[in-house]
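Novice: quick one: sequence and predicted model below, then my questions.
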2 protein chains.
Amino acid sequence: MYLTDRKVAVLGAAGAIGSNIVQDLLSTGTASRIAMYDPFATALQGAAQEIYHCGYPGARVTWTTDLAEALTGATYIITSGGAPRKEGMTREDLLKGNCEIARDLGVAIRAHAPDAELVVVIFNPADITGLAVLVHSGLRPGHVTTLAALDSTRLQSALAAHFDLPQDAVTGCATYGGHGEKMAVVKRGIRIDGVPLVEVLAGRTINGRSLSAEQWKAVKDAVRQGGAAIIKLRGRSSFQSPAHQSVEMLRARIQEGGYPWPCGVFFGEGAFAGVMMAGDAEFTPTGLHGSVPPMDDEDRAELDESYRHICALRDEVIAAGLIPPVAAWTNHNRYL
Amino acid sequence: MYLTDRKVAVLGAAGAIGSNIVQDLLSTGTASRIAMYDPFATALQGAAQEIYHCGYPGARVTWTTDLAEALTGATYIITSGGAPRKEGMTREDLLKGNCEIARDLGVAIRAHAPDAELVVVIFNPADITGLAVLVHSGLRPGHVTTLAALDSTRLQSALAAHFDLPQDAVTGCATYGGHGEKMAVVKRGIRIDGVPLVEVLAGRTINGRSLSAEQWKAVKDAVRQGGAAIIKLRGRSSFQSPAHQSVEMLRARIQEGGYPWPCGVFFGEGAFAGVMMAGDAEFTPTGLHGSVPPMDDEDRAELDESYRHICALRDEVIAAGLIPPVAAWTNHNRYL
């Protein structure tokens, strides 16, 4: 009835994303045994009661304000438990506060859930908080990931709207590197109703509509501002889409594949060494393995800039003492 | 991939319940073609964008501020589009305002969705708003229902907590008649880990715990205050549980059964004639057929009182001119 009966710890479970994750884990038939953790006991109790009142058959949902209790025995961990982004803030504004939370979580995972097989980090800036969790937890790189899909699903829906097509008539949307302002939108694999985007940009029309270079740039800019746009429209940051996509990532971990979007993955070597960033992820029995596909020079320049930006953020966090210097990582995590 | 590709109109889709319904329809694989309606365009656009960013394969989700457009062609309608209950308000405080909304919805359904096969009314007081929709829409009684499960799922989870058992070790929980203060909690069918509640009340212990008459009364009182308790804990009224349970009701309509909780059903004759209230519902190819099970004198007295309370509310709404007098219903709806 559920894909797994292994324990899933949902951290930040009193919040909008976390409580939605719990519901979506159950509604999608993904996981039945869920420990809800949040430091705010009253709101957490209310969120747990709501789940109980949903009446999911076979569900075994508990709640606790004790992080160690939530983590102990957890095979999977999904955490949205950072401070939320408010209107006008960039993801980077949140950097240090959330990296402290991520560091402490990494230490707690090392102590209480050293056998965790997937940790999905959602709170921003996710590449950096995910890296902090990875370094401090001692987990294998393939066992720690971050949510990276939303830029790609936003790109897909923006292109579908432009061409007045059903959303999934647009395929191959993927963004790499960081998120938001500094992400790399790669055009190479995108198809509009089966037609490569590069042909469309060269003048081919789809559904009677063309896409000029200026319009493509406008689409990319809209995608980069996609999170801020939701805050303006709804008066709050995204919560349904990050919740659902993180559940889909867990499904792919359990089923060893089937996840079509980029994931935050650690790159240990090569051109993008020393960061966690959005890449193509292969879901294998031992975890996620990341890569970056071929792309044209324009897109590659975007990705290189995005990588430099992530490195700069990482180094800021290193300078703040929240993660150790790169050369010392292996002392904290033997898999790095 | 989805149970149905027939159109589902979700009304109040910018709100907490409505936007959650849309997500849950998709996450549970219930429906792919969804029209989101709300009078608040900005928030509605934001809610729709969030669903797009979830990236559901095969989804065909549209949004509109035009109720007629949302209803046209809809086979199923789920509406949470009333004014929400605030802390300290009873369901009855909302009576007249929400009955105006329900009357107008009934008229709109008659005009634009006369072939609708299920309308689920969620907004409070649901028995009365559901009745107003039924009378004004001209739909068959079996095609209009209200969400009535939450009192029962709250009872189930409260008893499970008392006995420290998994939630679904408590079976047969059902409340009848109205909601909240005036509902009838029927003990007859309830079993705790397989043991009839009446035996437990007679002194039998389960999992080392007993349940005195006073404790049973306290459980019932807690269930009656269950909605208010959520508002106190979360700072907002329930939204996940009403959303999920209304999706489960739609699944049962499509699959012709499998829904274990009471539903709001119209009683055309018998001891409970002339109201919509929580009863056992049989899901048949032609709609829901309601009944009330045998019960002991104490519980029956509760139900009779609840029925009188619903009749009084109904008559208040009739006096306000929001629905016609009972004897004139058949002029508005030939199935009544």
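Specialist: The structure has been received and is ready for your questions.
Novice: can you give me the neighbour number for residue A:69?
Specialist: Look at residue A:69: counted by other C-beta atoms under 10 Å in any protein chain shown, it has 15 neighbours. Heads up, the C-betas are built off the backbone N, CA and C, glycines and all.
Novice: show me what contacts it?
Specialist: Listed by C-beta atoms under 8 Å, 6 or more residues apart in numbering or on different chains, the contact set of residue A:69 reads A:35, A:37.
Novice: doesn't it fall inside a helix?
Specialist: Yes: counting by DSSP: H, G, I helix; E, B strand; the rest coil, residue A:69 is part of a helix.
Novice: and it, how far is that from chain B?
Specialist: Residue A:69 sits 16 Å away from chain B, going by C-beta to the nearest C-beta, to the nearest Å.
Novice: what residues does the stretch 101-250 of chain A put near chain B?
Specialist: Proximity of the stretch 101-250 of chain A to chain B (C-beta under 8 Å from any C-beta of the partner chain) is limited to residues A:149-150, A:152-154, A:156-157, A:160, A:166-168, A:226, A:229-230, A:232-235, A:238-241, A:244-245, A:247-248.
Novice: so which bits of stretch A:186-198 are buried?
Specialist: A:186-187, A:190-192, A:196-197 (16 or more other C-beta atoms under 10 Å in any protein chain shown).
Novice: actually stretch A:32-46, not the one I wrote
Specialist: For stretch A:32-46, a neighbour-count test (16+ other C-beta under 10 Å) marks A:32-38, A:43-46 as buried.
Novice: beta partners of the residue nearest the centre of chain A?
Specialist: By C-alpha atoms, centre = their mean, chain A has its centre lying nearest to residue A:147, at 0.6 Å. When bridges are called by DSSP bridges, residue A:147 pairs up with residue A:263.
Novice: can you flag which of the buried residues of stretch A:32-46 belong to helices?
Specialist: Among these, DSSP state H puts A:43-46 in helices.
Novice: could you measure from the closest residue to residue A:266 other than its chain neighbours over to residue B:295?
Specialist: Distance criterion C-beta to C-beta, 6 or more residues apart in numbering or on different chains; nearest residue to residue A:266, sequence neighbours excluded, is residue A:141 at 3.9 Å. According to C-beta to C-beta, to the nearest Å, residue A:141 and residue B:295 sit 60 Å apart.
Novice: what does residue A:258 give?
Specialist: Distance, residue A:258 to residue B:295, by C-beta to C-beta: 49 Å.
Novice: neighbour count: these two, which is higher?
Specialist: Set side by side, residue A:258 and residue B:295 show more neighbours around residue B:295, with 19 against 10, by other C-beta under 10 Å.
Novice: residues touching the more buried one, list them.
Specialist: B:184, B:186-188, B:303.
Novice: what's the spacing between it and chain A?
Specialist: Distance of residue B:295 to chain A, computed by C-beta to the nearest C-beta: 21 Å.
Novice: does that residue lie in a helix or a strand, and which?
Specialist: For residue B:295, there is no host helix or strand (DSSP states H and E).
Novice: so residue A:62: helix, strand or coil?
Specialist: With three-state DSSP as the criterion, residue A:62 reads strand.
Novice: before we move on, what about residue A:77?
Specialist: Residue A:77 ends up strand, using three-state DSSP.
Novice: so what does the closest residue to residue A:151 other than its chain neighbours have for phi and psi?
Specialist: Of all residues not flanking residue A:151 in the chain, residue A:175 sits nearest, at 4.1 Å (C-beta to C-beta, 6+ apart). Per-residue torsions, residue A:175: phi -120, psi 150 (degrees, to the nearest 10).
Novice: can you check the one 3 residues further on too?
Specialist: Listed backbone geometry of residue A:178 is phi -90, psi -160, with angles given as degrees, to the nearest 10.
Novice: ok, back up a step: list the contacts of the residue nearest to residue A:266.
Specialist: If you count contacts by C-beta under 8 Å, 6+ apart, residue A:141 has them with A:134, A:265-266, A:268, A:287, A:335-336.
Novice: just to revisit the earlier point, now do the residue nearest to the centre of chain A against residue A:233, distance only.
Specialist: The gap separating residue A:147 from residue A:233 is 20 Å, by C-beta to C-beta.
Novice: possible to save the buried residues of stretch A:32-46 as CSV with pLDDT and distance to chain B?
Specialist: Shown next, in CSV, are those (pLDDT from 0 to 100; distance: C-beta to the nearest C-beta, whole Å):
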residue, pLDDT, distance to chain B
A:32, 98, 10
A:33, 98, 11
A:34, 98, 12
A:35, 98, 15
A:36, 98, 12
A:37, 98, 16
A:38, 97, 12
A:43, 97, 6
A:44, 98, 9
A:45, 98, 5
A:46, 97, 3
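Novice: ok, the buried residues of stretch A:186-198 vs residue B:79, which is closest?
Specialist: Relative to residue B:79, the closest of those is residue A:192; by C-beta to C-beta it sits at 35.8 Å.
Novice: look up phi and psi at the closest one.
Specialist: phi -110, psi 110.
Novice: pLDDT averaged over stretch A:61-73 - what is it?
Specialist: The pLDDT scores in stretch A:61-73 average 98.
Novice: got the CA positions of it in CSV?
Specialist: The C-alpha trace of stretch A:61-73 is given here as CSV (Å, rounded to 0.1, in the frame of the first residue of the first chain):
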residue,chain,number,x,y,z
VAL,A,61,2.7,9.1,12.3
THR,A,62,4.4,10.4,15.5
TRP,A,63,5.5,13.9,16.5
THR,A,64,8.2,15.1,18.7
THR,A,65,10.2,18.2,19.6
ASP,A,66,13.2,16.1,20.3
LEU,A,67,15.4,16.0,17.2
ALA,A,68,17.4,13.0,18.4
GLU,A,69,14.1,11.0,18.8
ALA,A,70,12.9,12.0,15.3
LEU,A,71,16.2,11.0,13.7
THR,A,72,16.8,7.7,15.5
GLY,A,73,16.1,4.8,13.2
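Novice: tell me where the stretch 201-336 of chain A has helices.
Specialist: If you assign secondary structure with DSSP state H, counting those that start in this stretch, the helices in the stretch 201-336 of chain A sit at A:213-224, A:226-234, A:240-255, A:297-319, A:329-332.
Novice: thought residue A:163 was touching residue A:195?
Specialist: No: using C-beta atoms under 8 Å, residue A:163 makes no contact with residue A:195, being 9.9 Å away.
Novice: and residue A:225, what does it touch?
Specialist: Residues near residue A:225 by C-beta under 8 Å, 6+ apart: residue A:180.
Novice: next one: residue A:142
Specialist: Neighbouring residues of residue A:142 by C-beta under 8 Å, 6+ apart: A:284, A:286-289.
Novice: and the furthest pair within the buried residues of stretch A:32-46?
Specialist: Farthest pair in those (C-beta to C-beta) is A:32 and A:43. Separation: 23.2 Å.
Novice: ok, and what's touching the lowest-mean-pLDDT helix or strand in chain A?
Specialist: Every helix and strand in chain A was compared by mean pLDDT, DSSP states H and E; the lowest is strand A:183-185, with a mean of 88. Contacts of strand A:183-185 with the rest of the structure, by C-beta under 8 Å, 6+ apart, involve A:151, A:155, A:175-177, A:220, A:223-224, A:278, A:295, A:299-300, A:302-303, A:305-306.
Novice: show me which strand runs longest in chain A.
Specialist: Scanning chain A for the strand with the most residues, using DSSP state E, yields strand A:275-284.
Novice: for stretch A:230-245, which positions count as buried?
Specialist: Neighbour counts over stretch A:230-245 (16+ other C-beta under 10 Å) mark A:230-231, A:233-234, A:237-245 as buried.
Novice: any chance of these in a markdown table, plus pLDDT?
Specialist: As requested, these are exported to a markdown table (pLDDT from 0 to 100):
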| residue | pLDDT |
| --- | --- |
| A:230 | 94 |
| A:231 | 93 |
| A:233 | 95 |
| A:234 | 94 |
| A:237 | 90 |
| A:238 | 94 |
| A:239 | 97 |
| A:240 | 98 |
| A:241 | 98 |
| A:242 | 97 |
| A:243 | 98 |
| A:244 | 98 |
| A:245 | 98 |
